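> Mind folding the following:
(2 chains)
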Amino acid sequence: GAGVSQTPSNKVTEKGKYVELRCDPISGHTALYWYRQSLGQGPEFLIYFQGTGAADDSGLPNDRFFAVRPEGSVSTLKIQRTERGDSAVYLCASSLKGGPTEAFFGQGTRLTVV
Amino acid sequence: DAKTTQPTSMDCAEGRAANLPCNHSTISGNEYVYWYRQIHSQGPQYIIHGLKNNETNEMASLIITEDRKSSTLILPHATLRDTAVYYCIVMRSGAGGTSYGKLTFGQGTILTVHP
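Numbering: from 1, shown residues only, chains lettered A, B, ... in the order given. I've put the predicted structure just below:
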């Protein structure tokens, strides 16, 4: 498919466990964004990659959250020692080069911490 | 980035035009107005964006007031599939800064299109 792909679509984990969420952006898109959306709220920015580097990680809530994009394509959002408050839909978006161009979003990964 | 204000919810009859307002009175000269929508259980979808001129594409029209302090998204013939949360976002256009392209979502407007 040509769109942004996120896996898994659903993830249930126990409190305290480690999780990884994957994002496959549209081929050729250098900009990649992670957002988090809690129930009834708009998406909240977490981190922005331009190529392999994290250009802005100001939205990561604490040091349990980390994201990588080692080859400038696929990105992984990693959450350590998960807490129930981390339960949300995690959305990934990519755009051709960032900036005032349209961003394409994936369907998201619904994370539930029990 | 400038803050936006939208009504919490709106209704529209199927086949009629849906006009969704957005106030962005603190917008600055290099900020674009973007509209996205989010259908239930899906990721947000880009609709349209503009700087100062009115814009139209296959999905919608965007009318920006001359002072750029407000805008209206128009869906000319709303269908049931247009029921969604609509987000108005203001974003810097300049390449400077590390948050290039970062979207700041508010609460949006819940648009319900009814038969």
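> Low-confidence ranges, chain B, go.
B:1-2, B:93-99 (pLDDT under 70).
> near chain A, which residues of it?
Contacts of chain B with chain A, taken as C-beta under 8 Å from any C-beta of the partner chain, map to B:32, B:34, B:41-46, B:49, B:85, B:87, B:91-93, B:95, B:98-108. From N, CA and C alone the C-beta is placed, and that goes for glycine too.
> Would you show me how to pick out the buried ones of the residues you listed in PyMOL?
Per 16 or more other C-beta atoms under 10 Å in any protein chain shown, the buried members of those correspond to this PyMOL selection:
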select buried, chain B and resi 32+34+43+44+45+46+49+85+87+91+92+99+100+101+102+103+104+105+106+108
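> Out of the residues of chain B next to chain A, which sit inside strands?
B:Tyr32, B:Tyr34, B:Gln45, B:Tyr46, B:His49, B:Val85, B:Tyr87, B:Met91, B:Arg92 (DSSP state E).
> now, which of the residues you listed sits nearest chain A?
B:Tyr46 (3.8 Å; C-beta to the nearest C-beta).
> Quick check: closest non-adjacent residue to that closest one.
Distances taken as C-beta to C-beta, 6 or more residues apart in numbering or on different chains place A:Glu102 nearest to B:Tyr46, at 3.8 Å, with adjacent residues excluded.
> Is that neighbour located within a strand, as I assumed?
No. Secondary structure assignment (DSSP: H, G, I helix; E, B strand; the rest coil) places A:Glu102 in coil, not in a strand.
> Count the residues that sit near it.
Using other C-beta atoms under 10 Å in any protein chain shown, the number of residues around A:Glu102 comes to 16.
> Might you report the residue contacts of it?
Counting by C-beta atoms under 8 Å, 6 or more residues apart in numbering or on different chains, A:Glu102 touches A:Ser95, B:Tyr46, B:His49.
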